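> Sequence and predicted model, in that order:
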Amino acid sequence: MPRPLLTLVVCSIDAARYERCIARYRELFGAADHEIIGIHDAASLASAYNWAARRASGELVVFSHDDVDIVSADLVPALRHAMRSLDVVGVAGTSRVVDAYWPRAGAPHLHGWMASPGPDGYTVNIYGVDDLVSPGLEALDGMFFAATAEVLERVRFDETAFDGFHGYDLDFTFRAHQAGFRVGTCAAIALIHASAGGFGADWARYAERFATKHRGALEGRVASPSWPMAAIKVATREDVARLFPLATLRDVTARLRRGAGAAR
């Protein structure tokens, strides 16, 4: 039997949110061979993702939060294109890890873009887009990313250090980079992430674990005093994909980086 092209992994304890999430993915996958692994009782995302990785039969495994809404229509072609030059692909991340909060790398080390909902529409956050596919990253945000079966055979999620719901993503993608795999972003994937993330005491505990685990790799790396990104308001879900072609994303990025350079 040939391996299915795609495996989708989604953890969720909210049945309605889970169904909305996978319904959109089914629509996007269309006729492409795929399977969906849903996990509804995860003790941690690292342990859940390891469990799913052991069972996945796809040549490419997509890990998605249940509150992610892909608004671009061509997810499968975008993933196929990205995986010609990448082994792990996401939508936002950094080419220089300085600590457990990847945006602290600052310009020009921030890459990707995404949107978040608000009371009066959506905010499109642009960190940095150089091309349709941006290679050379060290770590990715875990809201959405995909890894090849080979990566998952050689790099596992650390469910000992990250036995909750923070830090697992940066640690996994950073170690994939350290193992020699190609990590990057794909600007053709436009998504809305409904959560802004939590940065309380629980997050801080896992951030400290990340710093301790990677102390040697992070030695001498200093966080940037500013983390420039563009925050552009749009009215509708459709605007998120329609108003931000590659040329616009590049133009905004150039202006961001010029401003960051002038401020230094």
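Arrived safely, thanks for sending. Numbers count the residues shown, from 1 in each chain.

> where in this protein is pLDDT low?
Within the chain, the segments meeting pLDDT under 70 span 1-2, 197, 261-264.

> What segments of it are strands?
6-11, 34-39, 60-64, 68-70, 88-90, 92-94, 110-118, 121-128, 133-134, 139-140, 144-148, 183-186, 191-193, 230-234 (DSSP state E).

> so how far is the fourth one from its chain's centroid?
Relative to its parent chain, strand 68-70 has a centroid offset of 12 Å by C-alpha atoms, centre = their mean, to the nearest Å.

> partners of it, with directions?
strand 191-193 (antiparallel) (DSSP bridges).

> Repeat that for the fifth one.
Each strand that pairs with strand 88-90, with its direction, by DSSP bridges: strand 144-148 (antiparallel), strand 183-186 (parallel).

> What's the biggest helix in this structure, counting residues?
helix 246-263 (DSSP state H).

> List the buried residues of that one.
Judged by neighbour count using 16 or more other C-beta atoms under 10 Å, the buried positions of helix 246-263 are Leu249, Arg250, Val252, Thr253, Leu256, Arg257, Ala260. All C-beta spots, glycine's among them, are computed from the backbone N, C-alpha and C.

> quick check, nearest of those to Ala207?
When those are compared for distance to Ala207 (C-beta to C-beta), Ala260 wins out at 23.9 Å.

> Could I get the buried residues of helix 246-263 in TSV, plus columns for distance to Ser195?
Formatted as TSV, the buried residues of helix 246-263 follow (distance: C-beta to C-beta, whole Å):
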residue	distance to Ser195
Leu249	23
Arg250	27
Val252	23
Thr253	24
Leu256	24
Arg257	27
Ala260	26
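
> among the strands paired with strand 88-90, which is the most enclosed?
strand 183-186 (a mean of 27; mean count of other C-beta atoms under 10 Å).

> ok so, going back, ok, which of the strands of the chain comes nearest Phe210?
That would be strand 139-140 among these, by C-beta to C-beta, at 10.1 Å.

> name the helices or strands packed onto the closest one?
Applying 3 or more C-beta pairs under 8 Å, 6 or more residues apart in numbering; DSSP states H and E, we find strand 139-140 packed against strand 88-90, strand 92-94, helix 168-178, strand 183-186.

> Can you add distance to Arg55 and give the ones you listed back as a markdown table?
Formatted as a markdown table, these follow (distance: least, C-beta to C-beta, whole Å):
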| stretch | distance to Arg55 |
| --- | --- |
| strand 88-90 | 19 |
| strand 92-94 | 26 |
| helix 168-178 | 17 |
| strand 183-186 | 24 |
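
> who touches stretch 253-260?
Under the criterion C-beta atoms under 8 Å, 6 or more residues apart in numbering, residues Gly106, Ala107, Pro108, Ile126, Gly128, Val129, Asp130, Ser226, Pro228, Met229, Ala230 lie in contact with stretch 253-260.

> separation between the second one and Phe165?
In other words, Ala107. Counting by C-beta to C-beta, to the nearest Å, the separation of Ala107 from Phe165 is 29 Å.

> residues touching Phe174, list them.
Val97, Glu138, Ala139, His214, Ala217 are the contacts of Phe174 under C-beta under 8 Å, 6+ apart.

> for these, which one is nearest Val151?
Ala139 (13.6 Å).

> Of the contacts of Phe174, grab the buried ones for PyMOL.
Buried residues among these (16+ other C-beta under 10 Å), as a PyMOL selection:
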select buried, resi 97+138+139+214
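
> closest to Pro4 among the contacts of Phe174?
Ala139 (27.3 Å).

> can I assume the closest one is in contact with Thr185?
No: using C-beta atoms under 8 Å, Ala139 makes no contact with Thr185, being 11.0 Å away.

> bridging residues for His193?
Bridge pairing for His193 - DSSP bridges - gives Val68.

> Just to check, it is in contact with Met143?
Yes: between His193 and Met143 a contact is recorded at 4.7 Å, counting by C-beta under 8 Å.

> Overlap in contacts, those two.
Counting by C-beta under 8 Å, 6+ apart, the residues touching both His193 and Met143 are His65, Val68, Met114.
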